[in-house]
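S.K.: from the sequence below, what's the structure:
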Amino acid sequence: MNLHWRLILASASPRRRQLLLGLDLPVEVTSTDVDETPPPGMPHEQVAEHLAVKKAEAYQGPLDTDHVLITADTTVIVDDHLLNKPADAAEARAMLAMLAGRTHKVVTGVCLRTHDRRVSFSDVAEVTFAPLTAGEIAYYVERHTPFDKAGAYGVQDWIGYAAVERINGSFYTVMGLPLHRVYSTLKQLAAL
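M.R.: Numbers count the residues shown, from 1 in each chain. You can find the predicted model right below:
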């Protein structure tokens, strides 16, 4: 591998940092603070990529010629409901009740920005949950406090072990960063 990028991850997510470190490139972590309310009428499938781009635009730090800023956002869609991060335990339990025994979409949007380019994309995975009892849902919310996770769950947590029956798409998209797409985009940027 001859990629010589130095990555700047603008995310508070420890999961995204852990994932990026798996690419064996230097990673610096920072964060951006943006309003994550989607524009009225925006199709749910476009929200994650829109927010990733918004986060990249909010970054004010310098970017050297070998830096790539990476921002991301993940949303969950079930029926016609867009599930972002739950505000509290009651909302987390309600979200998980909607997902239990059903298939939903997880959309992770990513933006990669260099000193002179910006590329964004989204990746979609479908996740099927087994049925969950109210007690199981309450246990998960109380024990794992998934308030910083879209759809109120982390696939790498207990609920992923106990309830995820099937994933159609990348596990890492569900976890919050589609590494296969990030890596291929880093290679494309290096070739330009």
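S.K.: CA only for contacts and neighbour counts going forward, please
M.R.: Will do.
S.K.: number of residues surrounding Lys187?
M.R.: Counted with other CA atoms under 10 Å, the neighbours of Lys187 add up to 16.
S.K.: mind checking the SS state of Pro39?
M.R.: Look at Pro39: counting by DSSP: H, G, I helix; E, B strand; the rest coil, its state is coil.
S.K.: residue contacts, it?
M.R.: For Pro39, the contact set (CA atoms under 8 Å, 6 or more residues apart in numbering) is empty.
S.K.: just the pLDDT at it, thanks.
M.R.: Pro39 carries a pLDDT value of 92.
S.K.: and the gap between it and Tyr161?
M.R.: According to CA to CA, to the nearest Å, Pro39 and Tyr161 sit 35 Å apart.
S.K.: partners of Ile70 in the sheet?
M.R.: Leu9, Leu112 (DSSP bridges).
S.K.: who's in contact with it?
M.R.: Counted by CA under 8 Å, 6+ apart, Ile70 has contacts 7-10, 56, 110-113.
S.K.: quick one: it and Ala12, what's the gap?
M.R.: In terms of CA to CA, Ile70 sits 12 Å off from Ala12.
S.K.: in this protein, which spans are helices?
M.R.: 14-21, 44-58, 89-99, 134-144, 158-163, 171-175, 179-191 (DSSP state H).
S.K.: can you lay out those helices as JSON lines showing distance to Phe121 and mean pLDDT?
M.R.: What follows is the helices of the chain, written out as JSON lines (distance: least, CA to CA, whole Å; pLDDT from 0 to 100):
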{"stretch": "helix 14-21", "distance to Phe121": "16", "mean pLDDT": "90"}
{"stretch": "helix 44-58", "distance to Phe121": "6", "mean pLDDT": "96"}
{"stretch": "helix 89-99", "distance to Phe121": "25", "mean pLDDT": "97"}
{"stretch": "helix 134-144", "distance to Phe121": "30", "mean pLDDT": "97"}
{"stretch": "helix 158-163", "distance to Phe121": "25", "mean pLDDT": "96"}
{"stretch": "helix 171-175", "distance to Phe121": "12", "mean pLDDT": "97"}
{"stretch": "helix 179-191", "distance to Phe121": "9", "mean pLDDT": "93"}
